[in-house]
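**Student:** The sequence and its predicted three-dimensional model are supplied below.
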Amino acid sequence: SSELIPPSPPSSLSPSALAHSLFNPVMEGGSIDVDMLKRELRARGKPPNATREAGHVYSTQRPPAAVAEEPGSIFGNSRGGPLAGNRARGPVPTSDAEVLPGDMGGLHAGQVRSVASRATDAERVLDLSGKQLPRFPTAVLRQLAMMRGPKGCASALEAVSEVHVSGNNLVRLLAGQDEQAQGEEQALDADEDLWAQLAHCRTLDAAQNALSALPEVLRLLPALRKLKLSGNRIDVHLLDELLLPDGPAARPDAFLSQLQLVDLSENNLRLLPAALLRAPALHTLVLRRNKLASLGDDSLHLGGWRHVSMPSLTYLDLSANGLADLADMPHVLANGGAPELLELDLSDNELHAIPFALGHVRSLATLLVAGNPQRAIGRKVLELGPAAVLQALRNMTPASGGGLTPRRSGPDTPPTRSSSAPFSAPPTLPRESAAGAKAGAGPSTEERAAAQKRLAELSEGLRVDGVGRATMSNAKRFAVKKEIAKLTKELGSALDG
């Protein structure tokens, strides 16, 4: 081997030449004698201040033009030396170009590892939202599957509690068989196996994408409770097939029975997701800003309203749909179809009449009807708040019209429900006793306003419960419902007085 030429003194090197010599791309992937390297660096001394202030110059930041190294430097040169043969191979690929197992979905290796690492913190949230991903990066799931999980979980993937992929360009969460190249069926099966390992996932947030359907593998997630799918293109037929695979007459299975919150707003739905109206644990259903012009049996393509049963539903949002016909829904609700319903939002629709049967839904505390062309409930009543609207409906009787407008003829006339249809009688509201009347004439205007404000706050709290990451406990939810019922009764008594 040739003898090393002593290096030049540090004072003879310019900062740029020293930087290029110290951080040569060939050096990054080469192999060199460590003792020889130490002697070389000691002989050079400390780098000039200009180089230290500028920081390291990495190969990915340096222009491709070659810089001549000093003769005889152990860092490689064109005249020969220990690493002369490495120059032809070029720089070793960085982490940005590294390929990990699975579909990386447009992310580079560093991003995949970073997302997987953040998913192992205390909240256990896999957050891929707002990254404009064209495909779901299953490489992240693979990384988590190889990472150690907390006690009781086989891997970090099993411990994930929430998956957030909102604000991307996803057409589907799992590639279909038709998108797999020949011979890649095993890869698809492996991706399904990864999804099935999300045993503790309670929330899937896939809002603001271009999804038309959900993968069947979601049925294997035993802890899934919340589906946030607003701003997509969900096909209601495919959704019902996923939720009720055995048909409309089948009883809700374990998957449908465990759902508690579903948000399908802004999906251009023209039909109601009938399967969700049979989910026994569902407490929040958001269907705002769709195209549900009617709630007739034709809109419930799985058997009509006779199959509807929503024993846990507390919040139903049908606002901004262009609804002109509520069909049997008010009477189903009044007859106990949703015995826990606290808030019903029908605002910003095309309702020419508000059926008086809605006033006899025993549990209902908030009814929002503003933004409709109806005239039975005046502006002054609307300004008094939801409790006043409900009391106005309760004061209506079939003989007085019950909020129904005269039936008009013509093919464009929306059908109206006959006011003689049966419904449960409203609860008897307590009136002030004679002693109470002597003591005062009931709550003052300020007290009523404070009570209405408190009622609105409680109803809003129930409405947004679970929409974020915080969820009420069962005890807290029960206490809120109890207070809402109490306030509703007090305000109703004041209006009767």
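**Tutor:** It's in.

**Student:** ok, residue 115 touching residue 105?
**Tutor:** No - with contacts defined as Cβ atoms under 8 Å, residue 115 does not count as touching residue 105, sitting 10.4 Å away. Every residue, glycine included, has its C-beta placed from N, CA and C.

**Student:** who touches both of the two?
**Tutor:** Overlap of the contact sets of residue 115 and residue 105 (by Cβ atoms under 8 Å, 6 or more residues apart in numbering) consists of residue 137.

**Student:** where does the residue lying closest to residue 167 once chain neighbours are set aside land in three-state SS?
**Tutor:** Distances taken as Cβ to Cβ, 6 or more residues apart in numbering put residue 130 closest to residue 167, at 4.1 Å, once the chain neighbours are dropped. Following DSSP: H, G, I helix; E, B strand; the rest coil, the label given to residue 130 is coil.

**Student:** what number of residues lie near residue 130?
**Tutor:** When neighbours are counted by other Cβ atoms under 10 Å, residue 130 registers 12.

**Student:** Now it: phi and psi?
**Tutor:** Per-residue torsions, residue 130: phi 70, psi 30 (degrees, to the nearest 10).

**Student:** in this protein, which helix or strand is least confident?
**Tutor:** Within the chain, confidence by mean pLDDT, DSSP states H and E is lowest for helix 434-439 among all helices and strands, at a mean of 39.

**Student:** Report the secondary structure state of residue 367.
**Tutor:** Assignment for residue 367 (three-state DSSP): strand.

**Student:** for residue 290, same thing?
**Tutor:** Per three-state DSSP, residue 290 ends up coil.

**Student:** and it, how many neighbours does it have?
**Tutor:** Look at residue 290: counted by other Cβ under 10 Å, it has 24 neighbours.

**Student:** residues contacting the nearest residue to it once chain neighbours are set aside?
**Tutor:** Among residues not flanking residue 290 along the chain, residue 269 sits closest, at 4.0 Å (Cβ to Cβ, 6+ apart). Contacts for residue 269 (Cβ under 8 Å, 6+ apart) come out as 234, 236, 287, 290-292.

**Student:** Return the set of buried residues in stretch 100-119.
**Tutor:** For stretch 100-119, a neighbour-count test (16 or more other Cβ atoms under 10 Å) marks 100, 102-105, 107-109, 111-113, 115-116, 119 as buried.

**Student:** ugh, wrong one, stretch 445-459
**Tutor:** 448, 451-452, 455-456, 458-459.

**Student:** Contacts for that stretch next, please.
**Tutor:** 342-343, 365-366, 384-387, 443, 480, 483-484, 487-488, 490-491, 494.

**Student:** what about 6 Å?
**Tutor:** Contact partners of stretch 445-459, identified using Cβ atoms under 6 Å, 6 or more residues apart in numbering, comprise 343, 366, 385, 480, 484, 487, 491, 494.

**Student:** Show me those residues that map onto helices.
**Tutor:** Under the assignment DSSP state H, the contacts of stretch 445-459 contribute 480, 484, 487, 491, 494 to helices.

**Student:** pLDDT score assigned to residue 287?
**Tutor:** Listed pLDDT for residue 287 reads 96.

**Student:** just the strands in the stretch 201-350 of the chain please.
**Tutor:** Taking DSSP state E, counting those that start in this stretch as the criterion, the stretch 201-350 of the chain carries its strands at 203-205, 226-228, 261-263, 284-286, 315-317, 343-345.

**Student:** Turn the ones you listed into JSON lines, columns for mean neighbour count and distance to residue 126.
**Tutor:** Below are the strands of the stretch 201-350 of the chain laid out as JSON lines (neighbours: other Cβ atoms under 10 Å; distance: least, Cβ to Cβ, whole Å):
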{"stretch": "strand 203-205", "mean neighbour count": "22", "distance to residue 126": "10"}
{"stretch": "strand 226-228", "mean neighbour count": "21", "distance to residue 126": "14"}
{"stretch": "strand 261-263", "mean neighbour count": "21", "distance to residue 126": "19"}
{"stretch": "strand 284-286", "mean neighbour count": "23", "distance to residue 126": "23"}
{"stretch": "strand 315-317", "mean neighbour count": "23", "distance to residue 126": "27"}
{"stretch": "strand 343-345", "mean neighbour count": "24", "distance to residue 126": "31"}
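
**Student:** Now render these as a markdown table, adding distance to residue 374.
**Tutor:** Below are the strands of the stretch 201-350 of the chain laid out as a markdown table (distance: least, Cβ to Cβ, whole Å):
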| stretch | distance to residue 374 |
| --- | --- |
| strand 203-205 | 35 |
| strand 226-228 | 32 |
| strand 261-263 | 27 |
| strand 284-286 | 23 |
| strand 315-317 | 19 |
| strand 343-345 | 15 |
